[in-house]
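1. sequence first, then the predicted structure, then my questions.
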Amino acid sequence: MTTTKETRAFQTEVKQLLDLMIHSLYSNKEIFLRELISNASDAADKLRFEATTDDALFEGDSDLHVLIDINKENRTITIRDNGIGMNRDEVVANIGTIARSGTREFFGQLSGDKAKDAHLIGQFGVGFYSSFLVAEKVTLTTRRAGVGSEHGVHWESKGDGEYELETVEKATRGTEITLHLREDADEFLDDWRIKSVIHKYADHIPFPIRMQGKAEAPAEGEEATPAEIETINQASALWTRPKSELSDEEYNNFYKHIGHDFEDPLARLHQRLEGKYEYTLLLYLPKRAPFDLWQAESKHGVKLYVRRVFIMEANEELLPRYLRFVRGVMDTNDLPLNVSREILQQSPAMDAMKKGATKRILGLLEEMAGNSDEGNSDYATFWEEFGNCLKEGVIEDFSNRNQIAKLLRFSTTTSDEQFVSLSDYIGRMVEGQDTIYYITAESLAAAKHSPHLEVFRKKGVEVILLHDRIDEWLVGHLTEFEGKKLQSIAKGKLDLSGIGGDAEEEKSEREEKARAVEPAVEKIRAALGEKVKEVRVTDRLTESPACLVSDQFDMTANMERILRQAGQNIPESKPILEINPDHELVKRLAAMETQESIDDYASILFDQAILAEGALPDDPAGFVRKINALLTR
């Protein structure tokens, strides 16, 4: 056998993570055991799954387990598993590098605040690297199932930026990790301490976790007896146990294991469903959004088990993508063990499970929302972290659109709590109002100060303020709620004459004012030419001289900005300029005769309207010159 030994440098991000982790997670050292046992359990899961189609991978040993050995004399802890193991390339990929999307964003969010960074680091997944919380040196020996003993791999590092890699003989499959403990980690040389951590974090692991006992010295003349091996955990899938037998602590510790989280979950759902298809759900809602929630490649999510054999996780066949924040397990007997993604896509059982799980998650959210108190609730916490995911659901999930729409929460012009449901809004409609009004903008501040709101404030009509990018797509799919039409206050013609006044009287007054400023309309139209689709008198304004609106079926200005920033080519559309017939500038323009003054005033009105939308005029410097000239005059 040719032995190849080499020294390699850690990827830069690994060195950063090791340094940050050791300094931020010093008070959570015990999680190293949780992470290493979790990895060992995953390795056993993977072997059991692959062996369903290739029994030879068991190599004559199907007793999958994890073994922990404490050596007080050498001050080491060894964790062994007989799972799938790794080859040389896998060791380099899984331990020498952080091969996951969002790494840069993760490090960008670290603040230097140890408490906050600890949460982020746990969320990112410390995994194998947590070994260095307690160890000054770590060695790993592994061999992948199904290959010869000469293909073992030995890895060793002190966590100082480099690691050694060597091909070695390893008779058995699986992975063995030995931690050479730091001086301040002596507590983990005590059996009771290790057992307490395992009971806390790994009681539910569906494989035996065994501990090597110490052999007693034989009496004179007697043969030594082998040390006993003790099974520490229950070794049963937690989700298969009755709810009445499980404590909140057991539920929460299981969540921390599968979610790699330091905090308790916000809510949980544990149900066994029976009918045409039988399956068990144990699902959790986290308190915080993971840093990679918006990364398309993020893999955290729900795990699928078939007869308690792990199959796969984070697959859109298990839950719709807008529920990707949910953590937990789904277990069924109604799928084959060798299930593939293609089988999942065509399986009536999987379709029923997905629909059933989705309904029950939305039901849990409805229950949380019903218990909310002016935004001070678990649902308010959920909405702050995951509200935009539910907006995706309105867009993607037609069958559940109405149920999801009831869960949406918004800021409005008359509510300080910024936690208003559409049902709340309808309940507060003024007399004569039969439409849900909204405005979209780049930010909450821009929405709050939009000139389009002026007439709504005057009439006491509440307007929903939409300021997230996804809101433009949301209102494209949510066009009505409980029989009430949703309407943008910045699109099409607006008629509020039936609200808070005599409709016929208001209509007559509006027509009279329009006739009075018709000269201004004609002059502005001529001055602006091709810049605008139309110039007309507005019903929207009470204080501002002018505003821009989109035609009924055109994109809003905000949507155009979003698409341009994303590098999209969009069809050219021209805005409509609406002018306030009561404003002094409009009246003055109506009386002007000098074409130069008319052109300047019209241009200023147009550019001011653009600025009020949160955008910049085509010629900002020219706008400033015209304003200065006007002030000078």
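-> Here it is on my side, so go on.
2. number of nearby residues for K287?
-> Residues within reach of K287, counting by other CB atoms under 10 Å, total 16. Every C-beta, even on glycine, is put in place using the N, C-alpha and C of the backbone.
3. and for S497?
-> Other residues close to S497 by other CB under 10 Å number 18.
4. next: S443.
-> That count, for S443 with other CB under 10 Å as the rule, works out to 12.
5. same thing with R469?
-> Going by other CB under 10 Å, the residues that sit close to R469 add up to 17.
6. who's in contact with it?
-> I562 (CB atoms under 8 Å, 6 or more residues apart in numbering).
7. can I take it that L281 is in a helix?
-> No. Per DSSP: H, G, I helix; E, B strand; the rest coil, L281 lies outside any helix segment and is strand.
8. where do the strands sit along the stretch 351-500 of the chain?
-> Along the stretch 351-500 of the chain, counting by DSSP state E, counting those that start in this stretch, strands occupy 411-412, 435-440, 464-466, 480-481, 484-488.
9. next: the stretch 151-300 of the chain.
-> 152-157, 162-168, 174-181, 209-212, 229-231, 267-273, 279-285.
10. reformat these as TSV; add mean neighbour count, mean pLDDT and distance to K406.
-> Formatted as TSV, the strands of the stretch 151-300 of the chain follow (neighbours: other CB atoms under 10 Å; pLDDT from 0 to 100; distance: least, CB to CB, whole Å):
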stretch	mean neighbour count	mean pLDDT	distance to K406
strand 152-157	22	94	53
strand 162-168	17	92	53
strand 174-181	22	96	49
strand 209-212	20	89	45
strand 229-231	13	89	48
strand 267-273	16	94	17
strand 279-285	24	96	17
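11. in TSV: those, plus distance to D424.
-> Output for these, formatted as TSV (distance: least, CB to CB, whole Å):
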stretch	distance to D424
strand 152-157	57
strand 162-168	57
strand 174-181	55
strand 209-212	51
strand 229-231	55
strand 267-273	22
strand 279-285	22
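12. ok, which of the strands of the stretch 351-500 of the chain comes nearest E384?
-> Relative to E384, the nearest member of these by CB to CB is strand 411-412, separated by 12.2 Å.
13. which strands border that closest one, and is each parallel or antiparallel?
-> strand 464-466 (antiparallel) (DSSP bridges).
14. what comes into contact with the partner strand?
-> 410-413, 420, 425, 436-441, 444, 447-448, 472, 474-475.
15. can you list the low-confidence ranges for the stretch 151-300 of the chain?
-> 214-227, 296-300 (pLDDT under 70).
16. which residue ranges of it form helices?
-> 191-201, 248-259 (DSSP state H, counting those that start in this stretch).
17. repeat that for the stretch 301-450 of the chain.
-> 341-346, 348-370, 378-396, 401-405, 422-427, 444-448.
18. could you point out which of the ones you listed sits nearest L528?
-> The nearest among these, by CB to CB, is helix 444-448 at 23.6 Å.
19. for the residue nearest the centre of the chain, which non-adjacent residue is spatially closest?
-> By CA atoms, centre = their mean, the chain has its centre lying nearest to L293, at 2.7 Å. Distance criterion CB to CB, 6 or more residues apart in numbering; nearest residue to L293, sequence neighbours excluded, is F325 at 6.4 Å.
20. so what's the residue count around the one you found?
-> 22.
21. next one: G483
-> So G483, with other CB under 10 Å, has 7 neighbours.
22. before we move on, what about the one 4 residues further on?
-> Using other CB under 10 Å as the criterion, Q487 is surrounded by 17 other residues.
23. what's the distance between it and E613?
-> For Q487, the distance to E613 (CB to CB, to the nearest Å) stands at 18 Å.
24. likewise L631?
-> 23 Å.
25. between those two, which one's more packed in?
-> More crowded of L631 and E613, by other CB under 10 Å: E613, with 22 against 7.
26. contacts only, for that one.
-> Counting by CB under 8 Å, 6+ apart, E613 touches 441, 446, 450, 548, 557-558.
27. would you map the helices across the stretch 1-150 of the chain?
-> Under DSSP H, counting those that start in this stretch, the stretch 1-150 of the chain gives helices at 12-24, 31-50, 88-91, 103-109, 114-124.
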